[in-house]
Structure formats: C-alpha cells, structure tokens
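Trainee: Need the 3D shape of this:
(one chain, ligands or ions: 1)
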Amino acid sequence: MSLRELPSVEKFANSLSKIISLPKPLIIGFVRRELDGWRQQILDGKEVNREEIETSITENLNHFAASKLKPVINGTGVLIHTNLGRSPLGKTAADALVNIATGYSNLEFNLPEGTRGKRAGYLETALACLLDAEASTVVNNCAAALIVILRHLANGEKNEVIVSRGELVEIGGGFRIPEILETSGAKLVEVGATNKTRLSDYANAITPNTALILKVHRSNFYMGGFTAEPEASELSALAHEHGIPLVEDIGSGALMNTDELAPIDHEPTPQASLKNGIDLVCFSGDKLLGGPQSGIIAGKSDLIAGIKNEPFFRAVRCDKLILTVLQESIDEYLRTQSDPSQTDIPTLRNLAETTQKLQARADVILSKIGEITKGEITSTNSTATTGGGTMPTSQIPSIALSVNPTGISLNQLSRSLRTGKPAIVGYTDQEKFCLDLRTIFPWQDDAIASQLRTILA
Ligand SMILES: *Cc1c(COP(=O)(O)O)cnc(C)c1O
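Mentor: Residues are numbered from 1 along each chain as shown. Below you'll find the model as predicted:
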C-alpha cells in the first residue's frame, strides 16, 4: 500500500468520534500519532492494508477510552483494592463533597471574625479527639506523612534513623522504607536480624546523631516462627531516656477493633500505639479507615507544630475536597463510637456484613438472571480479604456467584464484563468465574444480574 492510500487524519477522526465519545482534539491527536507510526512502517517497506490500519487504530482508541477513570463494580472480594481505588465513600461524605466542591467554602476563612482562618482546624481537632492524641494533622498520603516527619526530625548531622531489619518493608508501588529514608536525607541505621530484634540492639545503636527510632508496621506480610521484638512501651522508655522521639508508621491504621466486626486478625490501632508511648504515628486515610487518600499524623503537639512549619508540608497539604471527605469520615467515627455497627463507612459495613445477608442477595440475583444457555451459574462459599496491604493472612468467609461457562470462554466472559457498562471485575477460581458479593454494594445487584443475563442467556 502506498502512503497516499492512508486515511486522512481529519476524516478518520470524524468517523471515530461518532462511535467513541472522547473530546475531538484527543481523537485527532491519537489518530495522528497512530498514522505516523503506520506511515513509518510503510516507508520501511512493510505490507499493510487500509482495513488492518483502521481496525488497529479503532481498537487502540477503544483501549485508551477505557483507561479514563470511571466506576467499577468490585467483585474481587478484596475490600481495599489499590487497583480499584481503595476505599469507597459513604453517602454522608459523598454528599458533603458535592456540597463543598460546587461552591465556595470557609477553607481558610474565620466566619465569626471575618478574618483569615486556619486550614483544617476543625478536622485536626476532631482527629486528635478520636485518636486521644495531643495533636494531629493531615497530608496527601501516608508516604508523604512519613517523609515530612523524617524531614522535620532527621536533618543535618543528627540524621540517623534506627529501624529493625525485620521492618524494612516495601509498602507497595515500589515504595521501600530504606528508599524513603534516603529521599528524606535520613541515614538508615539497621539493627537486629530479620526475625529477631532485641531492645539491646536498639540501645547499642543510639549515638549523639540519632534523630529518631522508627517502627514500621509489617502491614502487607506475615512473619511467623522464631520471632521477637521489644514491646512499644519498652522501646518508648529507651527512646525517652535518651531524649529521642519514637515514631511509628502503622500503615493501614484501623481506627477501631476490626476483629470485633469480622473474624479477622487484630490490626494495630493508632490509639493503642500512642497509649504505649509512641510520640508520633502516621497511617493512611484510605485503607481500613475507609476515607479518602490521605496520610494522618498524630501525637505530641510540639512535634506536630514543627511538622506543620516545615516548608515541605506546604507541598503535601490536602485540598478542600479531601479535607471535606476526611472531616465527614472522622465525624462518622465519633458519632458511632459506641455502636460501630451503625457506621456509614462502606469499608467497615462490607467487612461486617453477615454471610446470611450475602446469601440472600445471591439468591435474588440468581432468580433475576433465570435460565441461561451458556453454562451454569450458582452461588458458592468464597473467601474475601481486606487487601490494600493489610492483614495478609485474614480470610473473611463470604458468598460469591460462580459461573461455569460453556459456549463462551472464561476469558471472553470476564473481558465482556470488564468492558461493559458498568464495568464489572471478578476473579477466576478453578475454571469458574466468580463475583464475591462482600465487595459488591446491594444497589449494584441489579446491574450484575442484567449484565450476566445479557452475556449468558
Ligand atoms: C500502605 C502503607 C503506607 C503507604 O500509605 P499511602 O497512604 O499509600 O502512601 C506506608 N506504610 C505502611 C506500613 C503501609 O501499610
């Protein structure tokens, strides 16, 4: 084929814009880049035909369109799925978000005085109250929280940070504790062995240049067998004897005893850490807390004040939308402290849902789907997990819809659901396609029934 036979950018983009709803300039730019590639291939002597080119460009553009952020029904049974946006928000938080987002707000304005106000003042007080901490503040995520803490406490000559070799974890997204320390200008001082670190290991590593002792929660892996580490209270006594702050990155940061909601491990809470003498804790807002992406720092008020004065703090501060959602989430915890079963936090609700209720929903969905010709569909026992790098050994009993497809391959079935409207993501288990109901919201059941019926009827 000759270069002259290539479709024109303008005409082809026009025809694509009728079937793919993306802004026209985006389609034109996409088609132009793709055609440039084909032009080069033709110049290199490759045999191609116009139909092949048009099919390929259409498919690639569809792929690109599918990458635009959109809602997904999570049938994976992984409650905090980092690839699927971690924690969904409750109705109160979502309503507050719309309310603040669509107008002006008192973000930094003191209404009674009519003067400049303190950003996040209410939220910081509510957090400190909930966590029983002297003070608290918020940044964009837990990684940023750890970096700003390190920048404040470890600098100049006094930059040594003592960490147990058993806690040099990678916390996902390629973010490793040793690398975070390096990025922050801190010098890592490793102590102990992978499985055992003693109080004396910490004590022997303290020098005049020790900036802090850091504990990191092993949130995404499990260590069993011959292991030992000092209690937080012992470590705290040692640190304070030397006038050194003790900091803990607790990652997921369950704000309540999650083991009371579901048959899962006990996840450490920031409240318990602070009670045990940790000076500063940091944790994520969008893991077990069930709020927006954010990193919460809580502890001693002089340390929090110092952190907020760091120039770097300005670079990682939260915007009004995050602050609004987090403020509602924390208020929700404070409101339902005496009866957590009443919470509006979806992550906690999903965690606590009984399998009887899930089974009842599965039965209704199955009856709505009715007879299918392309295989068999039943409900089955399954196992959900918390995910998001939390409680790696926890297995939560759950109920799933299970499809044994015939006349359509497993791959075709799961791809059709992923690319449908709404997009539905499940998992495969022993040649069956499964959708775990623990992570699917009741208001999504009808969409599940109708998509499955359309594909399998
Ligand atoms: C998840 C996690 C982080 C990172 O939190 P982000 O909010 O995703 O930045 C840091 N430390 C630990 C221990 C974690 O589990």
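
Trainee: is any part of the host helix or strand of Gln271 close to the ligand?
Mentor: Gln271 is part of helix 270-275 when elements are defined by DSSP states H and E. No. Helix 270-275 lies apart from the ligand when judged by C-beta under 6 Å from any ligand atom; the minimum separation is 12.0 Å. (Glycine included, C-beta is placed from N, CA and C.)

Trainee: and the residue in the stretch 201-350 of the chain that the ligand sits nearest to, bridged to which residues?
Mentor: For the stretch 201-350 of the chain, the residue closest to the ligand is Gly251, as judged by C-beta to the nearest ligand atom, at 2.3 Å. Bridge pairing for Gly251 (DSSP bridges) gives the partners Phe283.

Trainee: For the remainder of this discussion, apply numbering that starts at 54.
Mentor: Sure, I'll start numbering at 54, so the last one becomes Gly304.

Trainee: What's the local residue count around it?
Mentor: Using other C-beta atoms under 10 Å, Gly304 is surrounded by 26 other residues.

Trainee: does it really touch Ser337, like I thought?
Mentor: Yes. Counting by C-beta atoms under 8 Å, Ser337 is a contact partner of Gly304 at 6.4 Å.

Trainee: joint contacts of these two?
Mentor: Both Gly304 and Ser337 are in contact with Cys195, where contact means C-beta atoms under 8 Å, 6 or more residues apart in numbering.

Trainee: Walking through the stretch 104-253 of the chain, point out its helices one by one.
Mentor: Per DSSP state H, counting those that start in this stretch, the stretch 104-253 of the chain carries helices over the ranges 144-154, 174-184, 195-206, 230-236, 252-258.

Trainee: Let me know which of those is tucked in deepest.
Mentor: helix 195-206 (a mean of 24; mean count of other C-beta atoms under 10 Å).

Trainee: what's in contact with that one?
Mentor: 192, 214, 224, 228, 233-234, 236-239, 264-265, 298, 300, 302, 304, 306, 333, 335-338, 348-350, 356, 359-360, 363, 365-366, 369.

Trainee: can you check stretch 419-435 too?
Mentor: When contacts are defined by C-beta under 8 Å, 6+ apart, stretch 419-435 is touched by residues 130, 408, 412, 415-416, 450-461, 482, 487, 489, 499, 502-503, 505-506, 508-510.

Trainee: From the residues you listed, list the buried ones, please.
Mentor: Among these, those scoring as buried are 130, 408, 415, 451-456, 458, 461, 487, 489, 502, 505-506, 508-509 (criterion: 16 or more other C-beta atoms under 10 Å).

Trainee: before we move on, back to that, of the contacts of helix 195-206, buried ones?
Mentor: 192, 214, 224, 233-234, 237, 239, 264-265, 298, 300, 302, 304, 306, 333, 335-338, 348-350, 356, 360, 363, 365-366, 369.

Trainee: and the helix or strand encompassing Ile477, how far from the chain's centre?
Mentor: Ile477 is located in strand 476-478, with elements delineated by DSSP H and E. The chain centre lies 18 Å from the centre of strand 476-478; the measure is C-alpha atoms, centre = their mean, to the nearest Å.

Trainee: Does anything pack onto it? Which helices or strands?
Mentor: strand 125-127, helix 463-471, helix 498-509 (3 or more C-beta pairs under 8 Å, 6 or more residues apart in numbering; DSSP states H and E).

Trainee: okay, these, which one's buried deepest?
Mentor: strand 125-127 (a mean of 22).

Trainee: thinking again about what came up before, what spatial separation is found between the residue of the stretch 254-403 of the chain closest to the ligand and Thr250?
Mentor: Going from Gly304 to Thr250 by C-beta to C-beta, to the nearest Å gives 18 Å.

Trainee: what do you get for Glu424?
Mentor: From Glu424 to Thr250 the distance is 61 Å (C-beta to C-beta).

Trainee: Can you pick out the residue with more neighbours from the two?
Mentor: Thr250 (23 against 8).

Trainee: max-length strand in the protein?
Mentor: In the chain, taking DSSP state E as the definition, the longest strand is strand 428-440.

Trainee: Give the buried residues for it.
Mentor: Gly428, Ile430, Ser432, Ser435, Ala437, Thr438, Thr439, Gly440.

Trainee: now the residues you listed as CSV including distance to the ligand and pLDDT?
Mentor: Output for those, formatted as CSV (distance: C-beta to the nearest ligand atom, whole Å; pLDDT from 0 to 100):
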residue, distance to the ligand, pLDDT
Gly428, 39, 94
Ile430, 36, 97
Ser432, 33, 98
Ser435, 25, 97
Ala437, 19, 96
Thr438, 15, 93
Thr439, 11, 90
Gly440, 11, 84
